[in-house]
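Colleague: I would like to see how this sequence folds:
(one chain, ligands or ions: 1)
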Amino acid sequence: MIEKPISYGHQYITEDDVQAVVAALKSDYMTQGPLIGQFERAFASYLGVEFACVVSNGTAALHLCAMALDIRPGDKIITTPITFVASANGFRYQGAEVVFCDIDPKTYLLDLDKLETILKASPKGTYKAVVPVDFAGYPIDEERLRKLAEVYGFSIVVDACHAPGGSFTDSKGETQMVGNCRYADLTVFSFHPVKHIATGEGGAVTTNRKDLYDKVALFRTHGITKDPELLEKQDGGWYYEMQELGYNYRITEMQAALGISQLKRLNWSIERRNEIAKKYDAAFEGTIVETPYRQEGIVHAFHLYIVQVPADKRKGLYDYLRTNMVYAQVLYIPAHTMPYYRQFGWKEGDMPVAEDYYTKCLALPMFPTLSDEEQDWIIEKVKEYITV
Ligand SMILES: Cc1ncc(COP(=O)(O)O)c(C=O)c1O
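Modeller: Take a look at the predicted model:
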């Protein structure tokens, strides 16, 4: 018998994490101190990317990417409807026109064939950016996207908020860590509590392009610089210049301390998540519960474990699980059907695969500290319902 509700995701805070935050609190800095740079270097080194800029949250990270790419009102970008709305909103903040492209029914990610059809229909350069999402932790085919980017002239911003620690194998047989930006221009992460690294609020942008990194870093702090190489003049040690209209999208030292501490457990977290996924896979084999797609050469980061059940059973299963203290979640309501996006002409029926997915999907609890007993309980309750 389970004693407290099991949510679909949950942070894991260890004594080491607590001590790291306490040490940060006892240091001379609460913000703009050494831990932020330390976190950035550790994260960049883990991913194998040149630059990481840690920021206040994943949404800010997306907005900073849009700013760094000089997205302006009316510029078009393409993203998937099966994502948290921030993937689109980060570009709307710059006035971009968001074009949704339907998903692949197997992976639930942006359908690259459909994307190509959209791209083909307009002259090169029509779309400033494509923003795929490594939904649930499954990495998008960045290599194919890069080929498309070369033909159709757009920047690639991967929303990898669900996928730190995930990887894919490219056509040369090389393993590419999500966020290493071997094929993408920019990659974005979130450190929200349900994510792999939890700093309360937090996020990061990674890139190998110094020009983009400099802009992201500048816009993160009001557009202000003290870098002698960038200053227009020098008045003295106190002197700084605001060169662009930026934001305060900084993270605190306490959050950076948490991030550094949690990054050390990221590999373990991915392994444990994959173990949990395997057990779910095996438990639902041969039932009406459709389990996530797998492919050789892909390390799924399993932020979410999404199943599909027949649409006429989904709400009943959701409710049944809740009454049994299993807080499964429906992720996501297609973004193009949100009232805000409907004002731009999007409507139900525009994205048939995404909409069909939405009627059937359910995210079962997935987090590294989910106990065997809890997982057995979840499986038992799902099976109880689907056999009634
Ligand atoms: C796919 C995706 N993109 C962006 C975000 C935004 O991240 P944050 O909540 O850190 O602003 C989230 C967060 O839930 C997300 O799941």
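
Colleague: Going by neighbour count, list what's buried in stretch 107-120.
Modeller: 107, 108, 109, 110, 111, 112, 114, 115, 116, 118, 119 (16 or more other C-beta atoms under 10 Å). All C-beta spots, glycine's among them, are computed from the backbone N, C-alpha and C.

Colleague: excluding its backbone neighbours, what's nearest the fifth one?
Modeller: Looking back up the chat, that one is residue 111. Distances taken as C-beta to C-beta, 6 or more residues apart in numbering put residue 104 closest to residue 111, at 4.4 Å, once the chain neighbours are dropped.

Colleague: How confident was the prediction at that neighbour?
Modeller: Looking at residue 104, its pLDDT reads 98.

Colleague: okay but it is in contact with residue 132, surely?
Modeller: No: Residue 104 is not in contact with residue 132 according to C-beta atoms under 8 Å; the separation is 10.6 Å.

Colleague: Which neighbours do those two have in common?
Modeller: Counting by C-beta atoms under 8 Å, 6 or more residues apart in numbering, the common neighbours of residue 104 and residue 132 are residue 110.

Colleague: Give me the more crowded residue out of those two.
Modeller: Under the neighbour definition other C-beta atoms under 10 Å, residue 104 and residue 132 were set side by side, and residue 132 has more, 26 against 22.

Colleague: and the more buried one, what does it touch?
Modeller: With C-beta under 8 Å, 6+ apart, residue 132 has these contacts: 79, 80, 109, 110, 140, 142, 145, 156, 158, 159.

Colleague: rerun that using 10 Å as the cut-off
Modeller: Applying C-beta atoms under 10 Å, 6 or more residues apart in numbering to residue 132 gives the contacts 78-80, 83, 87, 101, 109-110, 112, 115, 139-142, 145, 156-160, 184.

Colleague: now residue 354
Modeller: Residues counted as contacts of residue 354 (C-beta under 10 Å, 6+ apart) are 80-83, 100-103, 105, 108, 110-111, 332-337.

Colleague: among these, which ones are buried?
Modeller: The buried subset of those (16+ other C-beta under 10 Å) comprises 80-83, 100-103, 108, 110-111, 332-337.

Colleague: Which ones among the residues you listed map onto strands?
Modeller: Within these, residues falling in strands by DSSP state E are residue 100.

Colleague: So which of the buried ones among the contacts of residue 354 reach the ligand?
Modeller: residue 83 (C-beta under 6 Å from any ligand atom).

Colleague: Up against the ligand, what does this protein have?
Modeller: Within the chain, the positions near the ligand by C-beta under 6 Å from any ligand atom are 57-59, 83-84, 86-87, 133, 159, 161-162, 190, 192, 203.

Colleague: Closest one of those residues to residue 384?
Modeller: For these, the closest approach to residue 384 (C-beta to C-beta) belongs to residue 162, at 29.1 Å.

Colleague: In contact with the closest residue in space to that closest one that isn't next to it in sequence, which residues?
Modeller: Computed as C-beta to C-beta, 6+ apart, the closest residue to residue 162 that is not its neighbour in sequence is residue 303, at 3.7 Å. Counting by C-beta under 10 Å, 6+ apart, residue 303 touches 9, 134-138, 160-166, 190, 194-196, 269-270, 273, 331, 363, 366-367.

Colleague: how about 7 Å then?
Modeller: Neighbour list for residue 303: 136, 137, 162, 163, 195, 196 [criterion: C-beta atoms under 7 Å, 6 or more residues apart in numbering].

Colleague: Please identify which helix or strand holds it.
Modeller: For residue 303, there is no helix or strand it lies in under DSSP states H and E.

Colleague: likewise residue 219?
Modeller: Per DSSP H and E: residue 219 is located in helix 210-220.

Colleague: by contact count, what packs against that helix?
Modeller: strand 51-55, helix 58-68 (3 or more C-beta pairs under 7 Å, 6 or more residues apart in numbering; DSSP states H and E).

Colleague: a markdown table please, covering these and showing distance to residue 235, mean pLDDT and mean neighbour count.
Modeller: Putting the helices and strands packed on helix 210-220 into a markdown table (distance: least, C-beta to C-beta, whole Å; pLDDT from 0 to 100; neighbours: other C-beta atoms under 10 Å) gives the following:
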| stretch | distance to residue 235 | mean pLDDT | mean neighbour count |
| --- | --- | --- | --- |
| strand 51-55 | 27 | 98 | 26 |
| helix 58-68 | 27 | 98 | 27 |
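
Colleague: With distance to residue 318 as new columns, can the ones you listed be given to me in JSON lines?
Modeller: Listed next are the helices and strands packed on helix 210-220 as JSON lines, based on distance: least, C-beta to C-beta, whole Å:
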{"stretch": "strand 51-55", "distance to residue 318": "34"}
{"stretch": "helix 58-68", "distance to residue 318": "26"}
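
Colleague: can you tell which of those is closest to residue 209?
Modeller: Judged by C-beta to C-beta, the one of the helices and strands packed on helix 210-220 that comes nearest to residue 209 is strand 51-55, at 7.9 Å.

Colleague: could you give the angle of that closest one to helix 210-220?
Modeller: Per axes from the mean of the first three to the mean of the last three C-alpha atoms, to 10 degrees, the angle that strand 51-55 makes with helix 210-220 is 20 degrees.

Colleague: List the contacts of the closest residue to the ligand within the stretch 51-200 of the chain.
Modeller: For the stretch 51-200 of the chain and the ligand, the shortest gap (C-beta to the nearest ligand atom) falls at residue 58, measuring 2.5 Å. Shown in contact with residue 58 (C-beta under 7 Å, 6+ apart): 86, 161, 188, 189, 190, 192, 203.
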